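S.K.: Just a sequence and a predicted model for now, questions to come.
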Amino acid sequence: MTAATLPRTATGRFWALAAALGVVVLAGLGAAHFMEEAGHAITGMNNRIVWGMPHVFAIFLIVAASGVLNVASVGSVFGRTEYKSRAPLSGLLCIGLLAGGLAVLMLDLGRPERMIVAATHYNFTSVFAWNVFLYTGMFAIVAVYLWTLMERRMNGYSGAAGLAAFVWRFVLTTGTGMIFAFLVARQAYGSALLPPLFIVMSLAWGTAVFLAVQAALYAGSDRTIPPEILRRIRNLLGIFIAAVLYFTLVYHLTNAYFAKQVAFTRFILVDGGVYPLLFWGGFFVLGSVLPLVLIWHPRLGTPRSVVAASLLTIVGAFALLYVFIIGGQAWPLEIFPGYATSSTFADGTIAAYAPSLPEVLLGLGGVAIALLIAVVGLHVLPFAPQDDPEARAKASASA
Amino acid sequence: MSEVNTGRRQVLAWGAAMAGVALAPGVTLFELAQARSPEEAASNKVRWGMLVDVNRCASDCDACVTACDQENGLPQTKTPTSAQWIRKVELKDLRTGATKSAPVMCQHCAEPPCVDVCPTGASFKRADGIVLVDRHTCIGCRYCMMACPYQARSFVHEPVTGQKPEVPRGKGCVESCTLCVHRIDRGGTPACVEACAASGHKAIVFGNLNDPNSELSQRIAELRAAPLRPDLRLNQGVRYAGI
Amino acid sequence: MINRQALAGRATPSVRAWWRTVVAFACALSVLPAMAADAPASRVPAPTVAIAAPGKCVEDTPFMLRNHMELLKHHRDKTVRDGIRTTQHSLANCVNCHASKVTGRVTGGKDAFCESCHKFSAVKLDCWDCHTDRAQAGLAAAGAGK
């Protein structure tokens, strides 16, 4: 985003940005309407790939929502002032990302107009239903947390609220991971490693989103991030990226050697066409190795390279989720072990999937919802980080 | 209603008598004994199930599939987005190279993963063991399709017209083999079973798993039929012999 | 328009207090249009549709006017969940009697029975996405008392 192409004043910039995001939101809603009218036949999804591009976007947004709160947690739970001044922004982004992700999930339903059924008919054995509860709870807890942060009289409770949010988001991400971990019959899923993998993914992706938004915010208001703070968060991002890499590796190793799913692992990592390409090119090189270099190379680690590292981490996240969600479904179910199978229902074959425009627009609409909430929030309330010593002193005095 | 039924049974009985098959009269007797009155709710005294005898199933026959499509008003063209409640799977033994063929449909598990994961409780198991989707509360999230180990469920990807009055179905919901619940409830058997018998293969047997004397239970014992993927311990209502 | 069809339904015993609040709120919201609709329902121009099987409805006409939606939902759950197959309150049965003599259908145009006053009351049913709106020749409709 070059400041030159944008209107001069902060208000002018706000309206331009809000309008641009609004257009994307509308495009997403239009796509959802089209999908509902014509049916999911117009998407790339089918009876084998039942969750497609909307779920890649939605799960990214929801997982990142939980992770983006990490900055606030470090401030509130571990009492680090420089993080604390970032807690409001972190909470705002959490609410935005969560809202965007849930909007995509809901609009992708076959019968979105029956959403109220999900609230009135509740099956307590369903991980999915637990998640509905976890997500709504997350909104409430973060809203209260933000209140304690921004309302001076409530500041005394911000530690407790921060702790509650900290615990809740671990449960939430575990819950998201369990959606897949419970699918015992699918070789890609049904692994006890998924909940911890989702937690480290949330930390990395949330931190990346936070850094990217913070950079845009500082650039937009012609401020610079204090180098010390940048260095800290940058290091955090590096550690989280490395942790995701490690867990992903362990996940594939256990799959291949212990769960005896060599064929599936081979498919995802070696000969599965687009999936290994995205895994190695998208997730491994662009989304992990390159960001690590940008962060920790002695001659790099500058504000610019940190922004680049954050954006690349997000690109890598999408690549990994695509491989995980769509690649995982593309691999056929083993219904008749010991037999090669074929049928009119694509038994025994790798399922084909090509994302369609409406699906991608719906997903982008969710991203735009998240950003729009952040942009509007930042415009109307003092969510932006305060780093000048005077403001910080005031903030800590009132806390 | 009841007239229609007795008439149909009569035809069945005649057909069986002419073919001189010992089992059909058994089925008829059994049906008469079990038929519920319309006011009576399905009960767990009965557990409906099926046996697929793979050795009797022919590769070049898809009578069960055609019958299912006809009965339930399903699309005749098979695309990746069309509903397929039953499909013929061609099998090739990886060691011997021998080929077989078997129909696969909803396995009507006693511990159905689809029911466990359904957020609204739209996926449910009826008292008599039939696993169904209540399409009035299904929101179309497709988590059940992710959870099903047999890929037995279909999502309705397009608007539907010209439905059968007894088999309502429409866009945006997940559906699968209902074991022809509308036929069972008036004392009948699933369409695929009838068609398979009519084709002369008699590879599918339908009956009450709870009754040790039912033809189904006896044939399962005799052929040592097993569920698909027994390692998943789902206690399916559909068993396979010859796999 | 709040989807009352989705609201009423099988009550899950395990709905927690937390959800009850939400549900109560949603119900409170849904009652508003219902209260608004109940009164004018009697003022709704009675459908002047020539139906296939004139005579008596499955319950008193005034009762049907007010409660046909609840009847249908109740019967729906009993049929789908429990396999109870009585015909008196079944949707297929309504369609068989109420189909237009001209088109054989209960929807399609303002002269169609089910659509006539729903259009007036701005009720939009999703039933016909799945259920046929045509009378079945083979199925004899069952009136009251059967």
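M.R.: Received the coordinates, thanks.
S.K.: make it CA atoms for all contacts and neighbour counts henceforth
M.R.: Noted.
S.K.: show me what contacts residue A:43?
M.R.: A:35, A:355, A:356, A:357, A:358, A:359 (C-alpha atoms under 8 Å, 6 or more residues apart in numbering or on different chains).
S.K.: What's the per-residue pLDDT of the spatially most central residue of chain B here?
M.R.: Residue closest to the mean C-alpha point of chain B, counted by C-alpha atoms, centre = their mean, is residue B:179 at 3.7 Å. Residue B:179 is assigned 97 on the pLDDT scale.
S.K.: Please confirm that residue A:337 is located within a strand.
M.R.: No - under DSSP: H, G, I helix; E, B strand; the rest coil, residue A:337 falls outside any strand and is assigned coil.
S.K.: any weak-confidence spans in the chain?
M.R.: In the absence of a named chain, this looks at chain A. In the predicted model of chain A, residues A:1-9, A:79, A:259, A:387-399 satisfy pLDDT under 70.
S.K.: wrong one, I was asking about chain B
M.R.: In chain B (pLDDT under 70), the answer is B:1-34.
S.K.: Tell me which stretches of it form strands.
M.R.: B:48-53, B:86-93, B:99-105, B:123-125, B:131-133, B:154-155, B:174-175, B:204-208, B:238-241 (DSSP state E).
S.K.: Compare those and report which one is nearest to residue C:71.
M.R.: strand B:131-133 (21.1 Å; C-alpha to C-alpha).
S.K.: about what we covered before: of all the contacts of residue A:43, which two lie farthest apart?
M.R.: Longest span within the contacts of residue A:43, C-alpha to C-alpha: A:35 and A:355, 13.1 Å.
S.K.: So the closest residue to chain C within the stretch 101-250 of chain A versus residue A:134, what's the distance?
M.R.: Residue of the stretch 101-250 of chain A nearest chain C, by C-alpha to the nearest C-alpha: residue A:117 (5.8 Å). When distance is defined by C-alpha to C-alpha, to the nearest Å, residue A:117 is 17 Å away from residue A:134.
S.K.: With neighbour numbers in mind, choose between these two.
M.R.: residue A:117 (24 against 19; other C-alpha atoms under 10 Å in any protein chain shown).
S.K.: My guess is the more buried one contacts residue B:135. True?
M.R.: No - if you go by C-alpha atoms under 8 Å, residue A:117 and residue B:135 don't touch, sitting 11.6 Å apart.
S.K.: wait, is the residue of the stretch 101-250 of chain A closest to chain C part of a strand?
M.R.: No - assigned with three-state DSSP, residue A:117 falls outside any strand and is helix.
S.K.: any chance you could map the helices in chain B?
M.R.: B:2-19, B:23-34, B:63-72, B:113-117, B:143-147, B:181-184, B:191-198, B:215-223 (DSSP state H).
S.K.: Look up how far residue B:119 lies from the residue of the stretch 101-250 of chain A closest to chain C.
M.R.: For residue A:117, the distance to residue B:119 - C-alpha to C-alpha - is 10 Å.
S.K.: Okay, residue B:241 and chain A: tell me how far apart.
M.R.: Residue B:241 is 12 Å from chain A, where distance means C-alpha to the nearest C-alpha, to the nearest Å.
S.K.: Verify the stated contact: residue B:107 with residue B:236.
M.R.: Yes - taking contacts as C-alpha under 8 Å, residue B:107 lies within contact range of residue B:236: 5.5 Å.
S.K.: The two: which is more packed in?
M.R.: Neighbours were counted for residue B:107 and for residue B:236 using other C-alpha under 10 Å; residue B:107 has more, 25 against 22.
S.K.: which ones are touching that one?
M.R.: Residue B:107 touches B:150, B:152, B:236, B:237, B:238, counting by C-alpha under 8 Å, 6+ apart.
S.K.: residues near the spatially closest residue to it that is not a sequence neighbour, how many?
M.R.: Distance criterion C-alpha to C-alpha, 6 or more residues apart in numbering or on different chains; nearest residue to residue B:107, sequence neighbours excluded, is residue B:238 at 5.0 Å. For residue B:238, the tally of surrounding residues (other C-alpha under 10 Å) stands at 24.
S.K.: Please apply the same query to residue C:71.
M.R.: Count around residue C:71 with other C-alpha under 10 Å applied: 15.
S.K.: Likewise for the one 5 residues further on?
M.R.: One way to gauge burial is a neighbour count; for residue C:76, by other C-alpha under 10 Å, it gives 21.
S.K.: and residue A:304, how many neighbours?
M.R.: Neighbourhood size, residue A:304 [other C-alpha under 10 Å]: 12.
S.K.: repeat for residue B:98
M.R.: Counted with other C-alpha under 10 Å, residue B:98 comes out at 10.
S.K.: For it, give me phi and psi.
M.R.: phi -70, psi 140 (degrees, to the nearest 10).
S.K.: Not counting sequence-adjacent ones, nearest residue to the residue nearest to the centre of chain B?
M.R.: Per C-alpha to C-alpha, 6+ apart, closest to residue B:179 is residue B:190, 5.7 Å.
S.K.: got the contact list for that neighbour?
M.R.: B:179, B:180, B:181, B:183, B:184, B:206.
S.K.: who wins for most neighbours among the residues you listed?
M.R.: In the contacts of residue B:190, the most neighbours by other C-alpha under 10 Å go to residue B:179, 26 neighbours.
S.K.: I'd guessed that residue sits against residue B:130; true?
M.R.: Yes - the pair residue B:179 / residue B:130 is scored as a contact, 6.9 Å apart, by C-alpha under 8 Å.
S.K.: Of all the strands of chain B, which one is nearest residue A:29?
M.R.: strand B:154-155 (21.9 Å).
S.K.: Walk me through which strands that closest one pairs with, and which way each runs.
M.R.: strand B:174-175 (antiparallel) (DSSP bridges).
S.K.: now that we have the contacts of residue A:43, which one has the most neighbours?
M.R.: residue A:359 (26 neighbours).
S.K.: Surely it and residue A:51 touch.
M.R.: No - at 10.7 Å, residue A:359 does not count as touching residue A:51 under the criterion of C-alpha under 8 Å.
S.K.: Perfect, that will be all.
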